[in-house]
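[1] Next one to model:
(one chain, ligands or ions: 1)
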Amino acid sequence: MTSQSTFTEPEERLELRKAVAKLAAKYGQEYFLAKARAGEKTTELWAELGRTGYLGVNLPEEYGGGGGGIGDVAAVLEELGAAGCPMLLMVVSPAICGTVIGKFGTEEQKKRWLPGIADGTSTMAFAITEPDAGTNTHNITTTARRDGDEWVLNGRKVFISGLDESANVLVVARTEDAKTGKLKPCLFIVPTDAPGFEWTPIPMDFVSPETQFQVFVDDVRVPADSLIGDEDGGLFQLFAGLNPERIMASAYATGMARFALAKATAYAKERTVFKAPIGTHQGIAHPLAQAHIQVELARLMTQKAAALVDAGEDLAAGEAANMAKYAAAEASVFAVDTSVHTFGGNGLTQEYGMGALVGGARVMRIAPVSREMILNFVAMHSLGLPKSY
Ligand SMILES: Cc1cc2nc3c(=O)[nH]c(=O)nc-3n(C[C@H](O)[C@H](O)[C@H](O)COP(=O)(O)OP(=O)(O)OC[C@H]3O[C@@H](n4cnc5c(N)ncnc54)[C@H](O)[C@@H]3O)c2cc1C
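    The predicted model follows:
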């Protein structure tokens, strides 16, 4: 018989959750939204997460990290979201960039890049999306050409989060295979202030302190050792960052959903317009209960996906991480919508902060991988149906 404890997180993880929740409570949604609405950054919170070791909890200890797994850093992000402070850049800096460099970087690269990612003093953004390729990342056209001791990058990127808060960005570009002439994806670290690397903000209807940018990469020169890992293993290396990315997106979504549901439930217990509090009516209570169930299911799948990644079972992790991301995004959209509705007109006032969550929940259906591409993946890989695209 399987013991009950198989389905619960280890004591250490639960303690980590508590400690992060306590730290995040000092900031809260009021702080987070005030920063976002003023066009400012959550620098103090990021710095504190770095100082306390929570930001780099998944990175190896010998490079300044906490020696934990992706499940730990996902728990940190989820608890921040549940306290009203979902930190989008945690998806990219410690989880995608940190994982890829930690797994495939040379000793020199790990020593150089990981400590700053871990303590938050040198945040790293991630740039794969391009205006013409979109979801079809196999069609990206940003290229890297070798010129003596340097790589020369050219191309365009779009929707890149947090360039203004990052010292560097991990750019996915393609190099030409000398033998076959085919283009293959490779990963390069580019300083955000490199000459020829120009970025402009995209005005977004998404209430969050992070900004998205479109990027022009025009003859950007970086030294040879900016290439992470092996030129021939780029695709494999890129995939290593995708499961963590999906797990972090799930944590972002479920944290936000928990925050919305906690606020809405508290409101439903107090607000009375007929004889009893509105939470007495099943029209209000049932959707909240449904949303809570969906969020708990999504959290369970996220924890499973993280456990598989941490156990090195990448293939099974791929399926679970996609499913977790799908479930978490759907649960979050429903939970936030239900919460807004529970507040009635107050659901859209700035005072209650519910309306501000709508964009964030919705983003998780689109990014980093869309709902449809996950359904395509599951149809093909889990169900064996023909490829549709
Ligand atoms: C807030 C935010 C932050 C982001 N941050 C980053 C970042 O830091 N770095 C980065 O590289 N990118 C980032 N992105 C980009 C994000 O990953 C892309 O927006 C996402 O991958 C979708 O690509 P697209 O916007 O080009 O949509 P498109 O590819 O144009 O797709 C549009 C719609 O068509 C659907 N569709 C496309 N093909 C199919 C198909 N075969 N079957 C069914 N449906 C299909 C999609 O699911 C989607 O709903 C961010 C985006 C947002 C909104």
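[2] Can you report phi and psi for the residue of the chain most remote from its centre?
    Computed with Cα atoms, centre = their mean, the residue of the chain farthest from its C-alpha average is Lys275, at 43.6 Å. Main-chain dihedrals, Lys275, degrees, to the nearest 10: phi -80, psi -30.
[3] How about the stretch 51-200 of the chain: which residue is closest to the ligand?
    Gly134 (2.6 Å; Cβ to the nearest ligand atom). C-beta: built from backbone N, CA, C; applies to glycine.
[4] Strands of the stretch 151-300 of the chain, residue ranges please.
    For the stretch 151-300 of the chain, the strands defined by DSSP state E, counting those that start in this stretch cover 168-176, 183-191, 197-202, 212-223.
[5] Need the ones you listed in CSV (columns: mean pLDDT).
    Shown next, in CSV, are the strands of the stretch 151-300 of the chain (pLDDT from 0 to 100):
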stretch, mean pLDDT
strand 168-176, 94
strand 183-191, 93
strand 197-202, 98
strand 212-223, 98
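[6] Can you tell me which of those is most buried?
    strand 168-176 (a mean of 23; mean count of other Cβ atoms under 10 Å).
[7] by contact count, what packs against that one?
    Applying 3 or more Cβ pairs under 8 Å, 6 or more residues apart in numbering; DSSP states H and E, we find strand 168-176 packed against strand 124-127, strand 143-147, strand 150-161, strand 183-191.
[8] just those strands: most buried one?
    Each of the helices and strands packed on strand 168-176 was scored by mean neighbour count; the highest is strand 124-127, a mean of 27, by mean count of other Cβ under 10 Å.
[9] Touching it from outside, list them.
    Outside strand 124-127, the residues within contact range by Cβ atoms under 8 Å, 6 or more residues apart in numbering are 89, 92-93, 96-98, 113, 116-117, 157, 160-163, 165-172, 189, 192, 215, 241.
[10] how close does the residue farthest from the centre of the chain get to the ligand?
    Noted for Lys275: a distance of 43 Å to the ligand, by Cβ to the nearest ligand atom, to the nearest Å.
[11] so who does the spatially most central residue of the chain touch?
    Residue closest to the average C-alpha location in the chain (Cα atoms, centre = their mean): Val91, at 2.8 Å. Going by Cβ under 8 Å, 6+ apart, Val91 touches Leu77, Glu245, Met248, Ala249, Tyr252, Pro368.
[12] I'd like to know how far the last one sits from Ser161.
    Going back to what we said before, that points to Pro368. Per Cβ to Cβ, to the nearest Å, Pro368 is found 10 Å from Ser161.
[13] Kindly report the residues of the stretch 1-150 of the chain close to the ligand.
    Val92, Phe126, Ala127, Ile128, Thr129, Gly134, Thr135 (Cβ under 6 Å from any ligand atom).
[14] Can you classify the last one by secondary structure?
    The reference is to Thr135. coil (DSSP: H, G, I helix; E, B strand; the rest coil).
[15] and it, how many neighbours?
    14 (other Cβ atoms under 10 Å).
[16] correct me, but His373 touches Thr135?
    Just so we're on the same page, residue 373 is Met rather than His. Yes. Met373 is within contact range of Thr135, at 5.8 Å (criterion: Cβ atoms under 8 Å).
[17] My guess is Met323 contacts Thr302. True?
    No. Counting by Cβ under 8 Å, Met323 does not reach Thr302; the two are 9.4 Å apart.
[18] Looking at the two, which is more packed in?
    Thr302 (30 against 21).
[19] which residues sit in contact with that one?
    Going by Cβ under 8 Å, 6+ apart, Thr302 touches Ala74, Glu78, Ile247, Ser250, Ala251, Thr254, Ala324, Ala328.
[20] what's the farthest-apart pair in the residues you listed?
    Greatest spacing in these, by Cβ to Cβ: Glu78 and Ala324 (11.7 Å).
[21] With neighbour numbers in mind, choose between those two.
    More neighbours surround Ala324 than the other of Glu78 and Ala324, with 31 against 28 (other Cβ under 10 Å).
[22] Now do the same contact list for the more buried one.
    By Cβ under 8 Å, 6+ apart, the neighbours of Ala324 are Arg246, Ile247, Ser250, Ala298, Met301, Thr302, Lys304, Ala305.
[23] My assumption is that the last one lies in a helix; please confirm.
    Yes. With the criterion set as three-state DSSP, the secondary structure at Ala305 is a helix.
[24] Quick one: neighbours of it, just the number.
    Ala305: 29 neighbours (other Cβ under 10 Å).
[25] Likewise for the fifth one?
    Neighbour count for Met301, taken as other Cβ under 10 Å: 22.
[26] okay, it: pLDDT?
    For Met301, the pLDDT comes out at 98.
[27] pretty sure it contacts Ala320?
    Yes. Met301 is within contact range of Ala320, at 6.4 Å (criterion: Cβ under 8 Å).
[28] Work out for me the element Lys103 sits within.
    Assigned by DSSP states H and E, Lys103 falls within helix 98-104.
[29] where's Gly347 relative to Val92, distance?
    For Gly347, the distance to Val92 - Cβ to Cβ - is 30 Å.
[30] more crowded one of the two?
    Val92 (28 against 22).
[31] What is the burial count for Gly355?
    The number of residues near Gly355, taken as other Cβ under 10 Å, comes to 16.
[32] got it, and the one 10 residues further on?
    Arg365 is flanked by 18 other residues according to other Cβ under 10 Å.
[33] Would you confirm that it contacts Val336?
    No. Arg365 is not in contact with Val336 according to Cβ under 8 Å; the separation is 11.2 Å.
[34] Run through the residues that contact the nearest residue to Gly105 once chain neighbours are set aside.
    Spatially, and ignoring its direct neighbours in sequence, Gly105 is nearest to Ile228 (5.6 Å; Cβ to Cβ, 6 or more residues apart in numbering). By Cβ under 8 Å, 6+ apart, the residues touching Ile228 are Val100, Ile101, Phe104, Gly105, Gln109, Leu170, Cys186, Leu187, Phe188, Ile189, Gln237.
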